[in-house]
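Student: sequence isn't available, so here's the structure alone:
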């Protein structure tokens with residue numbers, strides 16, 4: 001793991017923000033954990049409130065129960081382990097997601113967070129189209145890592161993770177939120193120089209938060 005570069009990368013943000021930082025990776029020493037920690041540090045240094053949720057450390061259960069699924073079109077039912085996570089998301093002005101892209105998709109743990117936390121009656125109401133409820137979110141920032149080179153993700157696969165997040169999830173439940181995404185390709189062979197460049201891009205993206 002390359003060392004964390006010194007300094008904030010020129011990050012400067014006007015105004016106080018409540019940021020919900022959701023991190024998803026099973027290894028505490030992973031590149032993803034490093035990036036999540038770096039992002040939290042950048043935001044905290046500027047006096048912003050960062051509510052950091054490590055889904056693995058939290059022990060989140062991603063599997064939806066039969067009762068939860070039945071409640072999708074019936075009487076609202078929020079499990080006790082989901083309610084506090086919904087409250088944390090509802091309190092945020094900005095959402096930051098940090099996770100690896102596996103098989104050109106979301107990790108199962110993060111997919112389960114969307115399935116269970118972004119439930120009808122909280123994230124949206126049923127309809128055609130569905131009616132958004134996460135109207136307090138000003139932006140959603142995504143930082144992901146991939147083992148594949150950029151051209152496979154963009155030219156061959158046509159960026160499936162970005163499409164799902166930007167259009168199907170954020171676009172439906174928080175259409176007013178500005179969406180930004182950075183992907184570190186060939187992450188398994190990243191060196192200090194390339195990591196430093198990528199962190200500079202993260203700082204610039206965070207600097208543009210509304």
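Tutor: Everything's here; your move. None of the values given here were measured: they were computed from a predicted structure.

Student: low-confidence ranges in the chain?
Tutor: Scanning the chain for pLDDT under 70 picks out the ranges 1-15, 210.

Student: what secondary structure does residue 168 sit in?
Tutor: helix (DSSP: H, G, I helix; E, B strand; the rest coil).

Student: how close does it get to residue 159?
Tutor: 13 Å (CB to CB, to the nearest Å). No exception for glycine: its C-beta is placed from N, CA and C like everyone else's.

Student: of these two, who's got more company?
Tutor: residue 159 (17 against 11; other CB atoms under 10 Å).

Student: helix, strand or coil: sort out residue 79 for me.
Tutor: Judged by three-state DSSP, the three-state class of residue 79 is coil.

Student: surely residue 56 and residue 25 touch.
Tutor: Yes: counting by CB atoms under 8 Å, residue 56 touches residue 25, with 6.8 Å between them.

Student: those two: who's more crowded?
Tutor: Neighbour tally, residue 56 and residue 25, criterion other CB under 10 Å: the higher count belongs to residue 25, 24 against 15.

Student: please enumerate the strands of the protein.
Tutor: 18-23, 49-54, 94-100, 124-125, 131-132, 139-145, 178-184 (DSSP state E).

Student: for the ones you listed, which one sits closest to residue 110?
Tutor: Residue 110 lies closest to strand 94-100 among these, at 5.2 Å (CB to CB).

Student: quick one on the thing from earlier: now render the strands of the chain as JSON lines, adding distance to residue 65.
Tutor: Formatted as JSON lines, the strands of the chain follow (distance: least, CB to CB, whole Å):
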{"stretch": "strand 18-23", "distance to residue 65": "21"}
{"stretch": "strand 49-54", "distance to residue 65": "21"}
{"stretch": "strand 94-100", "distance to residue 65": "23"}
{"stretch": "strand 124-125", "distance to residue 65": "20"}
{"stretch": "strand 131-132", "distance to residue 65": "25"}
{"stretch": "strand 139-145", "distance to residue 65": "27"}
{"stretch": "strand 178-184", "distance to residue 65": "30"}
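
Student: export the ones you listed as JSON lines, with columns for distance to residue 118 and mean neighbour count.
Tutor: What follows is these, written out as JSON lines (distance: least, CB to CB, whole Å; neighbours: other CB atoms under 10 Å):
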{"stretch": "strand 18-23", "distance to residue 118": "11", "mean neighbour count": "22"}
{"stretch": "strand 49-54", "distance to residue 118": "14", "mean neighbour count": "17"}
{"stretch": "strand 94-100", "distance to residue 118": "11", "mean neighbour count": "23"}
{"stretch": "strand 124-125", "distance to residue 118": "8", "mean neighbour count": "15"}
{"stretch": "strand 131-132", "distance to residue 118": "11", "mean neighbour count": "15"}
{"stretch": "strand 139-145", "distance to residue 118": "12", "mean neighbour count": "23"}
{"stretch": "strand 178-184", "distance to residue 118": "15", "mean neighbour count": "18"}
